[in-house]
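Enquirer: Kindly return the folded structure for what I paste below:
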Amino acid sequence: MEEHSHSPRDIAARIRAPKGHGVLRDAVFGAIDGGVTTFAIVAAVGGTGLSPLIIVGLGLANVLADGFSMAAGNYSGAKAERDNVSRLRAIEERHIDLYPDGERLELREILAQKGLSGRVLDEATVAISADRERWIDAMLEGEYGLGGADAHPLRAALATFLSFLGAGMVPLLPFLMGVPQAFAVSTCLTLAVFFVIGAIKSRWSLSPWWTSGIETLAIGGVAALIAYGVGRAFHL
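Expert: Down below sits the predicted model:
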């Protein structure tokens, strides 16, 4: 199956489109952490004989507070990443103004590392350095290892919070609905969520959906088991 068109028009539109970080990592991280941390609350208080409403209340407090904390942390991290790129860009702009010959030598070395040589290397150096923005982009990538993707702090924060909230609510549903054997049902639902997260994640990987599902289930299951063990320890 063709993932995208290779017509000249579509290639030009795709390559020239603004680059940006996706939110896959943020969503997966938020969902797994939401399921695990809420399950930890359920495991810690589920066997104490407390009212299901108390368990739900504690779980909701965890989902909202911890989810917001994670989102705020992710926002701050993404913003710091963006600010660092802006700082380095300002440095390169200043260096190009003050030391253009030295910056061209750096650009030439970067292009040489990519396999260019001889006349092609000379012409590429001249062509790229003739466009200030492309010159700076090449320096950021070659000198600092920074790609062209731009971080979106608010988008990352929202993806983390919403996925945390969605997955974090799942362990609470049996208690909220008053089903029999609520803890056992909560455990099964939490593990099922981990598998579904992995299966969905396979859309962006080379692994089959079931392999990715089992992998994420194993990771989340170990974390949930640790949470359960800690919770049961407080019942002794």
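
Enquirer: How many residues are close by residue 64?
Expert: By the measure other C-beta atoms under 10 Å, the count of residues near residue 64 is 14. Bear in mind the C-beta positions are built from the backbone N, C-alpha and C, glycine included.

Enquirer: Spatially, and excluding backbone neighbours, which residue is closest to it.
Expert: residue 165 (7.7 Å; C-beta to C-beta, 6 or more residues apart in numbering).

Enquirer: residue contacts, the one you found?
Expert: Each residue near residue 165 by C-beta atoms under 8 Å, 6 or more residues apart in numbering is listed here: 34, 63, 64, 67.

Enquirer: ok, now how distant is it from residue 60?
Expert: Distance of residue 165 to residue 60, given as C-beta to C-beta, to the nearest Å: 10 Å.

Enquirer: same deal with residue 121?
Expert: In terms of C-beta to C-beta, residue 121 sits 61 Å off from residue 60.

Enquirer: One more: residue 5?
Expert: With C-beta to C-beta as the criterion, residue 5 and residue 60 are 46 Å apart.

Enquirer: higher neighbour count, these two?
Expert: Using other C-beta under 10 Å, the more surrounded residue of residue 5 and residue 60 is residue 60, with 17 against 11.

Enquirer: Mind checking what secondary structure the more buried one has?
Expert: Assigned by DSSP: H, G, I helix; E, B strand; the rest coil, the conformation of residue 60 is helix.

Enquirer: ok, back up a step: how far does the strand or helix carrying the residue nearest to residue 64 sit from the chain's center?
Expert: Residue 165 belongs to helix 153-169 when assigned by DSSP states H and E. Centroid separation between helix 153-169 and its chain, computed with C-alpha atoms, centre = their mean, to the nearest Å, is 10 Å.

Enquirer: what element comes up after that helix heading to the C-terminus?
Expert: Next along the chain after helix 153-169, taking DSSP H and E as the criterion, comes helix 173-177.

Enquirer: any chance you could map the helices in this structure?
Expert: 8-16, 24-45, 52-98, 100-113, 118-129, 132-144, 153-169, 173-177, 182-201, 209-233 (DSSP state H).

Enquirer: The longest one - contacts with which helices or strands?
Expert: When you say that, I think you mean helix 52-98. On a contact count with 3 or more C-beta pairs under 8 Å, 6 or more residues apart in numbering; DSSP states H and E, helix 52-98 meets helix 24-45, helix 100-113, helix 132-144, helix 153-169, helix 173-177.

Enquirer: can you do 10 Å?
Expert: If contacts are counted by 3 or more C-beta pairs under 10 Å, 6 or more residues apart in numbering; DSSP states H and E, helix 52-98 sits against helix 24-45, helix 100-113, helix 132-144, helix 153-169, helix 173-177, helix 182-201.

Enquirer: If anything else comes up later, I'll come back, but that's it for now.
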